[in-house]
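Engineer: build me a model:
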Amino acid sequence: MSFDLHTKETAPKNSQPLLDNSVKSFGMIPNLHAVMAEAPAALEAYQNLHTLFQQTSFDAEELTVVWQTINIEHECHYCVPAHTAIAHSMKVDPAIIDALRNKTDLPTEKLQILRRTTLALVKNRGRLSPSEIQTFKEVGYKNQQLLEIVLGLAQKVMSNYTNHLADTPLDEPFKKFA
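Structural biologist: This is a model prediction of the structure:
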């Protein structure tokens with residue numbers, strides 16, 4: 001399936017200010033945003049979800065765990081390297097970045113349980129067993145964080161599925177993390 005990589009000049013009118021937001025946030029128009037510009041409401045929703053997820057109670061490591069757990073489970077050729085670059089820019093410990101990409105143990109039990117819970121939510125379509133919820137809460141998380149994972153999942157479904165449909169080409173800054 002063929003999708004356009006829109007520029008500010010080729011994008012629908014309602015996407016043009018959204019692409020300006022992309023440049024302000026990333027210093028460029030990421031190809032994912034260039035594809036999503038075809039549907040202004042989709043690009044706006046994605047940008048809003050991204051901003052809102054970053055405003056949750058999760059720190060940079062936890063954001064990365066949620067994002068990459070979903071990206072890897074969805075086998076997103078674009079988002080895994082993109083979020084590797086983002087994690088590095090957020091100063092996330094490279095050991096965490098590598099453990100997520102290689103599906104090896106994370107350095108703390110709390111991060112391990114966050115990954116396990118996120119993965120269970122993805123695989124079981126939002127259903128967790130009472131014991132999974134109990135384990136999640138025993139390491140200090142609450143219902144708030146369960147809902148915040150759902151927010152991150154909504155964002156990643158939009159990007160991962162778009163990238164699958166569009167076969168979004170990887171941006172130059174992300175290629176070294178492919």
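Engineer: how about the helices of this structure, start to end?
Structural biologist: 16-26, 31-36, 40-54, 60-73, 79-89, 94-102, 109-123, 130-138, 143-166 (DSSP state H).
Engineer: now the angle from the fourth one to helix 79-89?
Structural biologist: Right, the one you point to is helix 60-73. 170 degrees (axes from the mean of the first three to the mean of the last three CA atoms, to 10 degrees).
Engineer: and Thr117, what is it in contact with?
Structural biologist: Listed by CB atoms under 8 Å, 6 or more residues apart in numbering, the contact set of Thr117 reads 128, 132, 135-136, 141, 146, 149. Glycine gets a C-beta too; all of them are placed from N, C-alpha and C.
Engineer: so which of the helices of the chain is nearest Ser2?
Structural biologist: Minimum separation from Ser2 across these (CB to CB) falls at helix 143-166, 8.3 Å.
Engineer: what separates the closest one from the chain centre, distance-wise?
Structural biologist: 7 Å (CA atoms, centre = their mean, to the nearest Å).
Engineer: got it, and stretch 120-138?
Structural biologist: 20 Å.
Engineer: first-to-last residue distance for it?
Structural biologist: 17 Å (CA to CA, to the nearest Å).
Engineer: including distance to Ile29, could the contacts of Thr117 go into JSON lines?
Structural biologist: Output for those, formatted as JSON lines (distance: CB to CB, whole Å):
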{"residue": "Leu128", "distance to Ile29": "37"}
{"residue": "Glu132", "distance to Ile29": "39"}
{"residue": "Thr135", "distance to Ile29": "41"}
{"residue": "Phe136", "distance to Ile29": "37"}
{"residue": "Tyr141", "distance to Ile29": "35"}
{"residue": "Leu146", "distance to Ile29": "33"}
{"residue": "Ile149", "distance to Ile29": "28"}
